[in-house]
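Novice: Got a predicted model here, sequence first, then my questions.
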Amino acid sequence: MAIITLQGLLILGVIIANVSADVIVCEDELAYIKCSYPSKIKVSSAVYGRTTDRRICPHPSIRTTDCRSSTSDNKVKAMCNGKRICRVKADHRQFGDPCSGTYKYLEVKYECV
């Protein structure tokens with residue numbers, strides 16, 4: 001499951017290419033982050049783990065709601081920044097397991113610049 005929200009800028013009836021988005025990818029799922037040509041991806045943050053909202057990627061295995069991988073931000077930036085399309089998978093093999101036994105997700109906030 002991937003949830004994407006977009007925010008465009010409108011000035012004098014013209015849409016500017018800078019678009020910000022928030023992508024949430026549930027554990028073991030795959031998502032593609034995309035920007036239209038000629039824009040490129042610029043990741044502002046990436047968090048793999050679980051935060052306080054249990055409604056995001058609901059699952060019976062949630063032992064904690066406060067855990068984050070210390071490597072997810074830098075890894076997603078290295079994988080995606082400067083590209084038009086980037087494939088991201090939310091899994092502990094990529095980002096480590098900050099809270100064993102808890103179903104996690106990856107949240108990526110980015111812009112197309």
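Specialist: Arrived safely, thanks for sending.
Novice: partners of Arg87 in the sheet?
Specialist: Taking DSSP bridges, one obtains Tyr32 as the residues bridged to Arg87.
Novice: Next up, the contacts around it.
Specialist: By CB atoms under 8 Å, 6 or more residues apart in numbering, the residues touching Arg87 are 30-32. From N, CA and C alone the C-beta is placed, and that goes for glycine too.
Novice: do the same with Glu27
Specialist: For Glu27, the contact set (CB under 8 Å, 6+ apart) comprises 57, 59, 90-92, 103-105.
Novice: how close does it sit to Lys34?
Specialist: When distance is defined by CB to CB, to the nearest Å, Glu27 is 22 Å away from Lys34.
Novice: Show me what the longest strand belonging to the chain is packed up against.
Specialist: The longest strand of the chain (DSSP state E) is strand 41-50. Here strand 41-50 touches strand 67-68, helix 72-80, strand 105-112, going by 3 or more CB pairs under 8 Å, 6 or more residues apart in numbering; DSSP states H and E.
Novice: Check those for me and report the most buried one.
Specialist: A comparison of the helices and strands packed on strand 41-50 by mean neighbour count, using mean count of other CB atoms under 10 Å, puts strand 105-112 on top with a mean of 21.
Novice: what's the angle between it and helix 72-80?
Specialist: Counting by axes from the mean of the first three to the mean of the last three CA atoms, to 10 degrees, strand 105-112 points 50 degrees away from the direction of helix 72-80.
Novice: avg pLDDT for strand 105-112?
Specialist: The pLDDT scores in strand 105-112 average 98.
Novice: So which residues make contact with it?
Specialist: Applying CB under 8 Å, 6+ apart, the contact partners of strand 105-112 are 17-27, 33, 35-36, 39-50, 56-57, 72, 76, 80, 88, 90, 95.
Novice: and what of stretch 66-80?
Specialist: Residues contacting stretch 66-80 (CB under 8 Å, 6+ apart): 33, 41, 43, 45-52, 86, 88, 94-96, 98-99, 102, 104, 106, 108, 110.
Novice: buried subset of the contacts of Glu27?
Specialist: Neighbour counting by 16 or more other CB atoms under 10 Å classes 57, 90-92, 103-105 among the contacts of Glu27 as buried.
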